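S.K.: All I have is the shape, not the residue letters:
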Ligand SMILES: O=S(=O)(c1ccc(O)cc1O)N1Cc2ccccc2C1
């Protein structure tokens, strides 16, 4: 693996890095899933350009990471996976799109690339721990790492979405729900995903705490007066499940730990509302909440990268609090221009809001773009605050 100091200028890499990624909307993703063959060719022609563009854009930011982070063995390994995958996709740059054998080979290569990158999240987290243990991390470095990881994981979500769609639509194992288009459900019943994620989180909570709060789910369809129809939308059920499962685990842990003696736990309240533009899912718990001084930490990768045992005693997955659950869940919500917002009342409980775009034409990918703005985040020495800090009175000269 070349350390960044000796990477010679690679004109092909610089060219792909100079292009902006092209965000697709859920509507556009569904068009690729239309009739058969014409779409595999168009999908191939799009991907053989877009995948290297997205890889090169985020690789430019990896190269800008602080030296001592880049030299951590885990980070160097992730960088080498990206360099190798970039090179492999470039072998298709001038391939003949009408060569069916090549198309089949391309899809198989995507599967290999996806498998290579399976453990990127854990490996990067390990790299952050290696840095903390070897050099320590000051607040400026932490701000840069937070900025980078949000963009790096969003880029990874988007690349895996492109690969998953192509391999599901045109790959060998066509065992998919015939109404789904790749991993997209054009008629996703939101209530079903809420119930599934609740039941699975409840099972874990019961196993771990021998107790779990009940849930009351209310739906409100503001667009139709009769309130009879299920609330359905175009979305990726696995993304919505990931977000809800994390929020249910947090809420259940909070409620159980805030009411250690009570067998009768205050129930969780979930509201699903379909408006004219947004589908909003609100999850309320009475788990005692969190003070404002700590609420930002919930979305910090550093806070959740504490080297605590990732598995609980009995080996089952722990409930909330240790993984990258909330920061990654927020990226999934933001990926198609939605959001995840926590609003806490310390001493009472927390409300979590998932906002999703109702219209697939508006659900555009949100992608990091490498440019001077981004690179400046990695260069400016100290980000000096332009608001007062406690104790800095008039008698101190400005630095
Ligand atoms: O910070 S929280 O208010 C909280 C955060 C996110 C969420 O989705 C739900 C929540 O309730 N909460 C997490 C947690 C874990 C153990 C013990 C007590 C608490 C309190």
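M.R.: Noted; the coordinates are in hand. Since this is a predicted model, take the numbers as computed values, not measurements.

S.K.: all contacts plus neighbour counts: C-alpha atoms, from now on.
M.R.: Will do.

S.K.: I'd assumed residue 230 was in contact with residue 189.
M.R.: Yes - between residue 189 and residue 230 there is a contact under Cα atoms under 8 Å: 6.7 Å.

S.K.: What ranges does the stretch 151-300 of the chain have for its strands?
M.R.: In the stretch 151-300 of the chain, the segments counted as strands under DSSP state E, counting those that start in this stretch are 185-189, 215-221, 232-235, 268-274, 278-285.

S.K.: helices or strands up against the shortest one?
M.R.: Which is strand 232-235. Packing partners of strand 232-235 (3 or more Cα pairs under 8 Å, 6 or more residues apart in numbering; DSSP states H and E): strand 185-189.

S.K.: The strand it packs on packs against which elements?
M.R.: Here strand 185-189 touches strand 232-235, going by 3+ Cα pairs under 8 Å, 6+ apart.

S.K.: can you give me the end-to-end distance of stretch 360-371?
M.R.: End-to-end distance of stretch 360-371 (Cα to Cα, to the nearest Å): 28 Å.

S.K.: Adjust the sequence numbering to begin at 49 for everything that follows.
M.R.: Sure, I'll start numbering at 49, so the last one becomes stretch 408-419.

S.K.: Report the buried residues of that stretch.
M.R.: Buried positions in stretch 408-419, judged by neighbour count with 16 or more other Cα atoms under 10 Å: 408, 411, 412, 413, 414, 415, 416, 417, 418.

S.K.: Adding pLDDT, write those out as CSV.
M.R.: Below are the buried residues of stretch 408-419 laid out as CSV (pLDDT from 0 to 100):
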residue, pLDDT
408, 98
411, 98
412, 98
413, 98
414, 98
415, 98
416, 96
417, 93
418, 92
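
S.K.: Does the residue nearest to residue 389 when sequence neighbours are not counted belong to a helix, a strand or coil?
M.R.: If the residues on either side of it in the chain are set aside, residue 389 comes closest to residue 401, at 5.1 Å by Cα to Cα, 6 or more residues apart in numbering. Look at residue 401: counting by DSSP: H, G, I helix; E, B strand; the rest coil, its state is strand.

S.K.: quick one: residue 401 from the ligand, how far?
M.R.: Distance of residue 401 to the ligand, computed by Cα to the nearest ligand atom, to the nearest Å: 9 Å.

S.K.: Now do the same contact list for the residue in the chain that the ligand sits nearest to.
M.R.: Nearest to the ligand, among the residues of the chain, is residue 337, at 3.3 Å (Cα to the nearest ligand atom). By Cα atoms under 8 Å, 6 or more residues apart in numbering, the residues touching residue 337 are 302, 392, 393, 394, 395, 396, 397, 398.

S.K.: Filtering these by proximity to the ligand, which remain?
M.R.: Counting by Cα under 6 Å from any ligand atom, 302, 392, 397, 398 from those sit close to the ligand.

S.K.: And the pLDDT at the last one?
M.R.: When you say that, I think you mean residue 398. Residue 398 is assigned a predicted lDDT (pLDDT) of 98.

S.K.: now swap in the second one and tell me
M.R.: Taken from the predicted model, the pLDDT recorded for residue 392 is 98.

S.K.: doesn't it fall inside a strand?
M.R.: Yes - under three-state DSSP, residue 392 sits within a strand.

S.K.: List the contacts of it.
M.R.: By Cα under 8 Å, 6+ apart, the residues touching residue 392 are 337, 338, 339, 340, 343, 398, 399.

S.K.: Which strand residues bridge it?
M.R.: residue 398 (DSSP bridges).

S.K.: Distance check, it against residue 106.
M.R.: Residue 392 is 34 Å from residue 106, by Cα to Cα.

S.K.: Tell me the buried residues in the top helix by length along the chain?
M.R.: Identified as the longest helix of the chain according to DSSP state H is helix 187-218. By neighbour count with 16+ other Cα under 10 Å, helix 187-218 contains the buried residues 189, 191, 193-218.

S.K.: about what we covered before: could you work out the most separated pair of the ones next to the ligand among the contacts of residue 337?
M.R.: 302 and 392 (11.8 Å; Cα to Cα).

S.K.: circling back to that earlier point, would you convert the strands of the stretch 199-348 of the chain into CSV that also reports mean pLDDT, distance to residue 118 and mean neighbour count?
M.R.: Formatted as CSV, the strands of the stretch 199-348 of the chain follow (pLDDT from 0 to 100; distance: least, Cα to Cα, whole Å; neighbours: other Cα atoms under 10 Å):
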stretch, mean pLDDT, distance to residue 118, mean neighbour count
strand 233-237, 97, 39, 18
strand 263-269, 97, 45, 16
strand 280-283, 98, 36, 21
strand 316-322, 98, 43, 19
strand 326-333, 98, 39, 22
